[in-house]
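Novice: A predicted structure for the sequence below; I have some questions about it.
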Amino acid sequence: MRAVELTSELVDAYIEQHLEAGAAPATINRGTQLLSQEFKLAIGRKRLSMAPHIRHLSEKGNARQGFFSDAEFRAIVGNLPYYRQDFTLFGYLVGWRKAKSPRLPGQT
């Protein structure tokens, strides 16, 4: 579809379809946020003269939980084996999150 053919109603239909499929509002917002940014860029570069209204879904109640304070984290790292401290500190500083990943052979 060409950008000039995209309407607010089509964006709303996209949002509703993904909500019905079980997508979280935050996930949908990340996709529509990119779309909105693309339209702003096109308008700024004079490729388009207008953009459809793209609504933002509420993410209330979606706050992340279970964070360590810096002091708590440093205390834990201090008790790790030396060879794991730098790697763990790197993950903390760049914001890595715990995720399910495939296990390597021999891991439990």
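Specialist: Thanks, I have the structure now. Numbering: from 1, shown residues only.
Novice: only alpha carbons, please: show stretch 18-28 as CSV.
Specialist: Presented in CSV, the C-alpha positions along stretch 18-28 are these (Å, rounded to 0.1, in the frame of the first residue of the first chain):
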residue,chain,number,x,y,z
HIS,A,18,-3.7,-7.2,16.6
LEU,A,19,-5.5,-6.7,19.9
GLU,A,20,-7.9,-9.5,19.0
ALA,A,21,-5.0,-11.7,18.2
GLY,A,22,-3.7,-11.2,21.7
ALA,A,23,-0.9,-8.7,21.1
ALA,A,24,-0.1,-6.4,24.0
PRO,A,25,-0.8,-2.7,23.7
ALA,A,26,2.9,-1.9,24.2
THR,A,27,3.8,-4.2,21.3
ILE,A,28,1.3,-2.6,19.1
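Novice: and that stretch, what's buried?
Specialist: By 16 or more other CB atoms under 10 Å, the buried positions in stretch 18-28 come out as H18, P25, I28. All C-beta atoms are positioned from the backbone trio N, CA, C, and that covers glycine.
Novice: helices or strands next to the biggest helix by length in the chain in the packing?
Specialist: Ranked by residue count, the top helix of the chain under DSSP state H comes out as helix 25-44. Using 3 or more CB pairs under 8 Å, 6 or more residues apart in numbering; DSSP states H and E as the contact criterion, the elements in contact with helix 25-44 are helix 8-20.
Novice: thank you, goodbye.
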